[in-house]
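Trainee: no sequence on this one, just coordinates:
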């Protein structure tokens, strides 16, 4: 049972629409929050994607992320640094698209009954690591295959690791565990009140 089902009961269409809209607002806000961190500052985007996936379940979580990305494609400044759909031609497009799968798989874990803090943390850590597959594939060559010519497109493997992965590993691990603990804590709180 997902956190949203525990909190709101049976998911009717109006409840789902309200949750999607609330989720996109949370994603937009989390994308603008920068936390000073070593070695680079981090946004709360990944934390929000994982939390929404865990709390909403697979389908509603993925739909929420797709809606948020759709808002960006329509020109809304909802991505990091108030970016919009133009970011899909930038170096982080692979990560943005990977967020959909991340939310779906996080939600699938809770849909399937993964609820313990250790197991949820392992799921979120694995998903954070897996996000690097589409995230790194984009600047490694997929962007060039899509016809994008930019200084970051087609970089060497070492350059891509240095620019797009290594500085973010610690922050991503922290956000992954925090998302698991926050959603697990919310579920425990709701269960104790029921």
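Mentor: That came through fine. Small disclaimer: the values here were computed from a predicted structure and weren't measured. Numbers count the residues shown, from 1 in each chain.
Trainee: ok, residue 139 - how many residues close by?
Mentor: 24 (other Cβ atoms under 10 Å). In short, each C-beta sits where N, CA and C put it, glycine included.
Trainee: contacting residues for residue 183?
Mentor: Contact partners of residue 183, counting by Cβ atoms under 8 Å, 6 or more residues apart in numbering, are 3, 51, 54-55, 110, 120.
Trainee: hmm, 7 Å instead?
Mentor: Shown in contact with residue 183 (Cβ atoms under 7 Å, 6 or more residues apart in numbering): 3, 51, 54-55, 120.
Trainee: please apply the same query to residue 75.
Mentor: Per Cβ under 7 Å, 6+ apart, neighbours of residue 75: 84-85.
Trainee: so it belongs to a helix, correct?
Mentor: No: read with DSSP: H, G, I helix; E, B strand; the rest coil, residue 75 is coil and lies in no helix.
Trainee: so how far is residue 104 from it?
Mentor: Taking Cβ to Cβ, to the nearest Å as the measure, residue 75 falls 25 Å from residue 104.
Trainee: please identify the buried residues of the lengthiest helix in the chain?
Mentor: Longest helix of the chain, by residue count under DSSP state H: helix 169-193. Using 16 or more other Cβ atoms under 10 Å as the test for burial, helix 169-193 gives 171-172, 174-180, 182-184, 186-187.
Trainee: could I get the full set of helices for this structure?
Mentor: Under DSSP H, the chain gives helices at 3-8, 13-32, 45-56, 58-73, 93-111, 117-130, 132-137, 143-145, 157-164, 169-193.
Trainee: got CSV for these, with mean pLDDT too?
Mentor: As requested, the helices of the chain are exported to CSV (pLDDT from 0 to 100):
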stretch, mean pLDDT
helix 3-8, 90
helix 13-32, 97
helix 45-56, 97
helix 58-73, 98
helix 93-111, 97
helix 117-130, 97
helix 132-137, 95
helix 143-145, 86
helix 157-164, 92
helix 169-193, 93
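Trainee: for residue 82, find the nearest of those.
Mentor: helix 13-32 (6.8 Å; Cβ to Cβ).
Trainee: what is the closest one packed up against?
Mentor: Judged by 3 or more Cβ pairs under 7 Å, 6 or more residues apart in numbering; DSSP states H and E, helix 13-32 is in contact with helix 45-56, helix 58-73.
Trainee: the last one vs helix 93-111, what angle?
Mentor: It stands for helix 58-73. Counting by axes from the mean of the first three to the mean of the last three Cα atoms, to 10 degrees, helix 58-73 lies at 160 degrees to helix 93-111.
Trainee: residues in contact with helix 58-73: which ones?
Mentor: 16, 19-20, 23-24, 27-28, 49, 52-53, 56, 78-79, 84-85, 87, 96, 99-100, 103-104, 106-108, 111.
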